[in-house]
Every structure is written in structure tokens, then in C-alpha cells.
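**Student:** Need the 3D shape of this:
(2 chains, ligands or ions: 2)
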Amino acid sequence: MSNETQDAPQPSALLDRADIRVKHATGVGGAVTAFIDRVRSGELGSLPVIAGLIIIWTVFTVLNPVFLSADNLVNLLFDCSTVGVISLGIVCVLMGGQIDLSVGSMSGFASALVGVLWVNHDWPVLLAVVVAVAVGALVGVIYSLLFNRFGMPSFVATLAGLLAILGLQLYVLGDTGSINLPYGSATVNFGQFLIIPATVSYLLALVPGAVILVGGLRTRQRRHAANLSASSVGSLLIRGLAITVLLEIVVAYLNRGRGVPLMFGAFLGLAVAMDYALKRTRWGRSMNAVGGNREAARRAGINVGAIYTSAFVLCSSFAALGGVLSAARLASASTQAGTGDVNLNAIAAAVIGGTSLFGGRGSAYSAVLGIIVIQSIASGLTLLNLSSSLRYMITGAVLAIAVIVDSLARQSRVSHGRA
Amino acid sequence: MPNNSATRFKHGELVLSLRGVSKHFGAVSALTDIELDVHAGEVVALVGDNGAGKSTLVKILAGVHQPSTGTITFGGQQVALPNPGVALDLGIATVFQDLALCENLDVVANIYLGRELDPLHLDEVAMEVRAWTLLNELSARIPSVRDVVASLSGGQRQTVAIARSLLLDPQLIMLDEPTAALGVAQTAEVLNLIERVRDRGHAVIMISHNMEDVRAVADRIVVLRLGRNNGVFYPDSSNANLVAAITGATENAVSRRAGRRQSEQNVYTEEQP
Ligand SMILES: Nc1ncnc2c1ncn2[C@@H]1O[C@H](COP(=O)(O)OP(=O)(O)O)[C@@H](O)[C@H]1O
Ligand SMILES: [Mg+2]
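**Tutor:** Numbering: from 1, shown residues only, chains lettered A, B, ... in the order given. Ligands and ions are numbered 1, 2, ... in the order given. Coordinates of the predicted model:
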């Protein structure tokens, strides 16, 4: 918003251009300079993770060209969607300045529930999924009670939850230990095969650019009417066009392989909805405020307890949904589901994508970018036939780098008076 | 959004009345048996030394702290202020001493925090226009309302906090040392604003250590000392009496210093209206 431009030079007439000491960017060139200034001062946004992604992809492609093949990328997107959905919930609790360490267990428990209810008890699959997600929401309610009522730090409450829910998962699976979900069912197809039809995918890829352009023009009109500066039509056109061309190229490339996974489309849809909720609603504004300064939020009349509750409930529900998706992806619900690195990958994805561990800074899209980074490492190393020991080490190093970049950027913001 | 104007008080009507309000923090009695009346169209200055309990009193009225004992009557009704939201809805707005701004949010978001227009699709344009209007009323020098509060100076933050308190057109507005970080011109602007707000029929409680400012705008001066009422003064009360009430002694550093200076020039008696 701060690199807005005006095309008619009428400095003092505009409500927000009265201060002569402030440089205001004009035209497209100005927008670019303003962007560079912001990056210099530590407002990195998604830049580090995109740079990291380019490096990782380049290295793996050099080592094994199959990495960049359309089919490998399609598989990668299938794998991203399950943990990515869990990571969306993590973004939400991190924004509020809290953490949920039990998302792995929760996802495993949810997949076990679906397996038991659907396969063993012959429930309709949709009902089983709804119950699993509702159980997730209930777990979130319990965390928020522990946090709001008893002042239990969220990392302790959810650490206890990690163990308790793992116990529940083992309990409902019983002696069998593993339930196979029926091949050929819509659920398993969704997790393994379903692809957005090519024409539909090309059309969907037009939507973001169109939204930027149409929404931008409407905002521009309203701002003009209100005597505020507004972005130039040129920069709106360039932005809309750039995003459209980029998306169409990606979609075209994926369509040379199997195409865009429907599950990834659903994940992106959830991410867009989450981003809207965090940026464009009072609830999201309150979440940002609570994460930034809890007492200030309370004094502004915000029901801080309710905001925390919504964060925990959303996070556990997303974890449950992610668990259902990974059960569909693996066509099984087992005692292994949700264990291992699921928990840490979901949290690491949000942080690598640029959501702050300290609350009040982040975006739903960080979950998308972060999980693509993590799955790229996993996929690349698998192609090189390297063991998971190396995968853990490299993912750990990338997480460390992400946190270092974040704190360096924060120091830079402090020295530029923007922290 | 609460509609306060429906119950707008008539000039001189009793807006707020405290009886026997006490507040204990563990063993510390921050306030003991406080009595305070505030009328519509009146500016009451709350003065006292550091630690006298001024901020604690303001926080009780803002719903931040709960009084240990005592009653609060607002608009003729006894009220409980269990949380800040209730106080805001009643029409009590506060500029806190620590400002209570969210540094990670921009100026518009801070001004509208908890009161955003169009909750499911924030109306950023309307909020930005209103934010500029409020800030211009205060002659604020804010480079951009889309900058995060972290990038503002202390004085600019104070202006943002004051602008926020005006947003809801409150019945009672409380300012805890509102001019502490402000420059000369802006202090005058805030004092003008306090007078404008009073003339519109609002009640104002203002805390300040600057006796010149207090005398300039206050209709009454309520002194707190060690958490107790210690007298009510008027702008034309003598400075020696006021200082004595604040410090609790007729013979004190301030009066000795004032006496010394008064022999050179008549500073304090000139200023009274
Ligand atoms: N949250 C708190 N916990 C414990 N003591 C407090 C708290 N807030 C204020 N006090 C005490 O109450 C007294 C009055 O403080 P305060 O109202 O801030 O004074 P003033 O604003 O007049 O300088 C002080 O002795 C202070 O130490
Ligand atoms: Mg104080």
C-alpha cells in the first residue's frame, strides 16, 4: 500500500499528500524504487523464500534433471497439499503469538477416526470427515480453555496434547494398527489422482490477475472520490498482467504432465480464504493486534480470549483436515500417520514462508511457499536416492537460515524505524 | 458501534461520580476512598506527584483494572466496568499514559482497532479518510497513515492515541499525560482540542504535570496524594496552596524555589484569569 502512486501532480490537494517532507513514488518507476527501499529497510516479505526456492530448484535440477519434470512437480504439489493445510492453521496461531505443537498428533488422530468410522463402521465418508474435523475443533476449545482459564502457556498445553492425542490415535486403531482405505473411492482418488481439467485450470489462472485489476480499479475510483492518492492504472495493469502470465506459464507446464492436482487447488483456495480473513476482516485485524500487543488489543475493547479461542480451534481443525487429506493421499490410516516430521514440517513451513514466531507478522501464503520449499527438499533428495537422515539435516539448516533471515530483517527494520 | 449521541448529556449535568473507590495491588493501596465528580462540559484536571494513583484511577474508569471497593455512577446509573470494551461502549474513551498502541499495525488500523468499519470486508478507504480528518483536526504531522506505528516518533504516537480516543465521539474522555511528548505547537493544539471537546458538551479528565497547561484549560483541579483525595482547587487558586496539596507540605522545595523567584519577578500571580 505504501508504494501507491498518483498520476496527476496535485500535491497538497490530496488528503494523504500534505506532508512535504515525505517522498511519494510516482508512476511505475517510482513504485519500483519504493519497493527496493522497503526491501532495504527490512520489509522482505516473500523475497527470501522465493530466492531460497530458486536456489534449491536450481541445485536439484543440476543434480538430477528429472526434478524439474512436470510429473515430478505434480507429485510434489500433491504432497504439499496435506501438510500445507496443517500449516495454514499454524500460521493462524503464530499470528496470535501462540503455538500448537500437537498438529501432527491431531492429524494422525483425525485420519484414524476417518478410517475407523468410514471403513470399519460403514459411516458415509463425508460424515466421518465432518466428525474428525469437529473433534479437531473440540481439541482447540480444550486448548483455549487451558490457556484462557488456567493461564497455561500454549506450548505446554499442546505438548501435553501431543501425547494425549497420540494415545487416542493408538486407542481407536486398536490392535489392527492400520486400516486401508478403499482404492477407487472418491476420497482416495482425490488424494492421489484427481486433476483440475486443463481448460478449467487455464481459466482459474486468470482469476487472480483479474481480481487485482478489477479490484484495484474500483479501489482507485473510490480513493479518487475520497480525495486520496491512488495507484496508477499502469502499475495495476503491469501487476495484473505479470501475475497472469506467471500463473498461465506454471499451469501450462503442469498440464504437460498430469495437470494441476485438485487437492492442491483446494489447498490454495483455503490459503486465499485464510489470507482474506487475516487481512480484510475485523477478526483478522484483531488477531494481528493480539499477536502484536495483547494488552493494547484488550484496551481497545477486543475480546482477547475469544480471539485466542478462534486461533486454537482453527489450528486444530486445519490439522484434522490435513490428517484426512494425508489419509486419502496414502490410502491408509495407520499408527504411523502424523508421527515423525509432520508436526515440525507444518511449523517449519509457516516460519520458512515468513510468518514470525513472535506474533503479529505473517501471511497465509507463507504456508504455501514454506511447504513447497520443504517438499522440494524431500523430493529432490528422494530422486538422488539419499537417505532421510540427510533430508532432516538439510530441512533443519533451511529452517535455521529462515529464522536468521527473519531476525536480520527485524534488526534492519529496527534501525530503519519500522519494527 | 454504540450510539452515544442518543444519550448526550446536557451542559452541567453530572456525567461521572465516584464514591469510596479504593484499589489495592496486594499490600499496596494505590487508591483509598476516592471521590470524584465530573460534569458535562467540564474539564477536570487530575494532578499529583508520581505514584499518587492518577493512572490507576484512569485505568479503573477505562475498565482495565477493577476497583477493590466503591461505586462508579455514570450518567445517573451505577455501572460496573468489567473490561475495556464496556467502558468504550458506555462512551468513556481513554488516552493511556503508555498509549497502548499496536506497533505492528499501521495508523489507520490503530485508530479503528476493535471498531473497524464493515467487519467482514474492511472499508479501508472510509477508515483512511476519517483517520486523516481526525489527525488534521489535531494538526498532526504524520507522514503516512499507512506506515506502521513503530516508525513514528513519540509525539506522533501520542497524537495517534489522542485521535483514536476521539473516534467514537465519547461522553467522557480521559487523557493521561497527553502532552508529555509533544512539542510547543502540538501541545497548544491538544489544549485547544480539549477546549473544543468541552464546548461540545463532553466531559474531560486530564492528567498533567504541567501546571501552566492545567490552569489554562481546567475548570477544576482535583489533587491526589498517596492515593487519597487531597483537595479541590480552581484555576485561580494560589500556586502555593496547589503545590502544598500536591507535595503535602506548606514548606517544600517547590514553594521555597518559587518564593526565591517571586522576589525577582511576579511570575505566578500574573497568570490567573
Ligand atoms: N499493576 C500494578 N501492580 C502493582 N502496583 C501497581 C500497579 N499499578 C500501579 N501500582 C502502584 O500504584 C501506585 C500508583 O501508581 P500510578 O497510578 O501509576 O501513579 P501515577 O500515575 O499517579 O504516577 C504506585 O505506587 C504503583 O507502584
Ligand atoms: Mg501515571
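**Student:** Give me the contact list for the longest helix anywhere in chain B.
**Tutor:** For chain B, the helix that runs over the most residues, judged by DSSP state H, is helix B:184-199. Here helix B:184-199 makes contact (C-beta atoms under 8 Å, 6 or more residues apart in numbering or on different chains) with B:41-43, B:137-140, B:155, B:159, B:162, B:166, B:173, B:175, B:178-179, B:182, B:204, B:206, B:213, B:216-217, B:219. C-beta coordinates here come from the backbone N, C-alpha and C atoms, glycine included.
**Student:** mind listing which of these are in strands?
**Tutor:** B:43, B:173, B:175, B:204, B:206 (DSSP state E).
**Student:** who's the first one bridged to?
**Tutor:** Going by DSSP bridges, B:Val43 is paired in beta bridges with B:Val204.
**Student:** residue contacts, it?
**Tutor:** Per C-beta under 8 Å, 6+ apart, neighbours of B:Val43: B:194-195, B:198, B:204, B:206, B:217-220.
**Student:** ok so, going back, what comes up buried for the longest helix of chain B?
**Tutor:** B:186-187, B:189-191, B:193-194, B:197-198 (16 or more other C-beta atoms under 10 Å in any protein chain shown).
**Student:** Could you check the angle that helix makes with strand B:203-207?
**Tutor:** Per axes from the mean of the first three to the mean of the last three C-alpha atoms, to 10 degrees, the angle that helix B:184-199 makes with strand B:203-207 is 150 degrees.
**Student:** Buried residues in stretch A:201-211, which are they?
**Tutor:** So, applying 16+ other C-beta under 10 Å, buried residues of stretch A:201-211: A:201-202, A:204-205, A:208-209.
**Student:** How about stretch A:368-385, which residues are buried there?
**Tutor:** For stretch A:368-385, a neighbour-count test (16+ other C-beta under 10 Å) marks A:368-381, A:383 as buried.
**Student:** swap in stretch A:272-284?
**Tutor:** Quick answer for stretch A:272-284 (16+ other C-beta under 10 Å): A:272, A:274-275, A:277-278, A:280-284.
**Student:** hang on, A:Leu268 packs against A:Val368?
**Tutor:** Yes: judged on C-beta atoms under 8 Å, A:Leu268 makes contact with A:Val368 at a distance of 6.9 Å.
**Student:** my guess is B:Gly70 meets B:Ser22, correct?
**Tutor:** Yes: look at B:Gly70 against B:Ser22 with C-beta under 8 Å: they come within range, at 5.8 Å.
**Student:** Now do the shared contacts for the two.
**Tutor:** B:33-34.
**Student:** Quick check: nearest residue in space to the residue positioned nearest the centre of chain A, chain neighbours excluded?
**Tutor:** Centroid-nearest residue in chain A, with C-alpha atoms, centre = their mean: A:Ala367, separated by 2.4 Å. Closest residue to A:Ala367 apart from its sequence neighbours, by C-beta to C-beta, 6 or more residues apart in numbering or on different chains: A:Ser87 at 3.8 Å.
**Student:** Against A:Gly167, how distant is that neighbour?
**Tutor:** From A:Ser87 across to A:Gly167, the span is 24 Å (C-beta to C-beta, to the nearest Å).
**Student:** who's more crowded, those two?
**Tutor:** Each of A:Ser87 and A:Gly167 has its neighbours counted (other C-beta atoms under 10 Å in any protein chain shown); A:Ser87 has more, 36 against 12.
**Student:** is it true that the more buried one touches A:Val373?
**Tutor:** No: if you go by C-beta under 8 Å, A:Ser87 and A:Val373 don't touch, sitting 11.2 Å apart.
**Student:** joint contacts of these two?
**Tutor:** A:349, A:353.
**Student:** in the stretch 1-150 of chain A, what residue is nearest ligand 2?
**Tutor:** Using C-beta to the ion, A:Gly97 is the residue of the stretch 1-150 of chain A that sits closest to ligand 2, at 26.8 Å.
**Student:** Now do the helix or strand containing A:Gly234: which elements does it pack against?
**Tutor:** Here A:Gly234, judged by DSSP states H and E, is contained in helix A:233-256. If contacts are counted by 3 or more C-beta pairs under 8 Å, 6 or more residues apart in numbering or on different chains; DSSP states H and E, helix A:233-256 sits against helix A:27-40, helix A:70-95, helix A:198-225.
**Student:** element containing residue 135, please.
**Tutor:** The chain I'm using is chain A. Going by DSSP H and E, A:Val135 is in helix A:125-150.
**Student:** Hmm, no, I was thinking of chain B.
**Tutor:** B:Leu135 belongs to helix B:124-137, assigned by DSSP H and E.
**Student:** Check the offset of that helix from the chain's centre.
**Tutor:** Here helix B:124-137 is found 22 Å from its chain centre; the criterion is C-alpha atoms, centre = their mean, to the nearest Å.
**Student:** does it come close to chain A?
**Tutor:** Yes: interface with chain A: helix B:124-137 contributes B:124-126, B:128-129, B:132, B:136 (C-beta under 8 Å from any C-beta of the partner chain).
**Student:** Those residues: which two are farthest apart?
**Tutor:** The largest separation in the residues of helix B:124-137 next to chain A, counting by C-beta to C-beta, is between B:Glu124 and B:Asn136 at 18.3 Å.
**Student:** When the two are compared, which one has more neighbours?
**Tutor:** Comparing B:Glu124 with B:Asn136 by other C-beta under 10 Å, the one with more neighbours is B:Glu124, at 21 against 13.
**Student:** re the thing from before, ok, the residue nearest to A:Ala367 - contacts?
**Tutor:** By C-beta under 8 Å, 6+ apart, the neighbours of A:Ser87 are A:345-347, A:349-350, A:353, A:367, A:370-371.
**Student:** Among those, which one sits closest to ligand 2?
**Tutor:** A:Ala350 (39.5 Å).
**Student:** give the contact list for the closest one.
**Tutor:** By C-beta under 8 Å, 6+ apart, A:Ala350 lies in contact with A:87, A:90-91, A:94, A:362, A:366-367, A:370.
**Student:** ok, 10 Å please
**Tutor:** Taking C-beta atoms under 10 Å, 6 or more residues apart in numbering or on different chains, we find A:Ala350 in contact with A:84, A:86-95, A:356-357, A:362-364, A:366-367, A:369-371, A:402.
**Student:** Among those, the buried ones, what's the PyMOL command?
**Tutor:** To isolate the buried ones among those in PyMOL, judged by 16+ other C-beta under 10 Å, type:
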select buried, chain A and resi 84+86+87+88+89+90+91+92+93+94+95+356+362+363+364+366+367+369+370+371+402
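**Student:** quick one: the residue of the stretch 1-150 of chain A closest to ligand 2 and A:Tyr308 touch, right?
**Tutor:** Yes: with contact defined as C-beta atoms under 10 Å, A:Gly97 reaches A:Tyr308; the gap is 9.1 Å.
**Student:** Give the residues shared as contacts by these two.
**Tutor:** A:154, A:287, A:290, A:294.
**Student:** quick one on the thing from earlier: pick out the most distant pair among the buried residues of stretch A:272-284.
**Tutor:** A:Val272 and A:Arg282 (18.7 Å).
**Student:** hmm, back to that, hey, what's the angle from the longest helix of chain B to strand B:172-176? Just curious.
**Tutor:** Using the same axes, to 10 degrees: helix B:184-199 against strand B:172-176 is 160 degrees.
**Student:** Now helix B:184-199 - C-alpha only, PDB.
**Tutor:** Taking Å, rounded to 0.1, in the frame of the first residue of the first chain, the C-alpha atoms of helix B:184-199 are listed here in PDB:
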ATOM      1  CA  VAL B 184       5.100  23.500  21.700                       C
ATOM      2  CA  ALA B 185       2.700  23.900  18.800                       C
ATOM      3  CA  GLN B 186       1.200  20.500  19.300                       C
ATOM      4  CA  THR B 187       0.700  21.000  23.000                       C
ATOM      5  CA  ALA B 188      -1.300  24.100  22.200                       C
ATOM      6  CA  GLU B 189      -3.200  22.200  19.600                       C
ATOM      7  CA  VAL B 190      -4.100  19.500  22.200                       C
ATOM      8  CA  LEU B 191      -5.200  22.100  24.700                       C
ATOM      9  CA  ASN B 192      -7.300  23.800  22.000                       C
ATOM     10  CA  LEU B 193      -8.800  20.400  21.300                       C
ATOM     11  CA  ILE B 194      -9.600  19.800  24.900                       C
ATOM     12  CA  GLU B 195     -11.500  23.100  25.000                       C
ATOM     13  CA  ARG B 196     -13.300  22.300  21.800                       C
ATOM     14  CA  VAL B 197     -14.300  18.900  23.100                       C
ATOM     15  CA  ARG B 198     -15.600  20.600  26.300                       C
ATOM     16  CA  ASP B 199     -17.500  23.200  24.400                       C
END
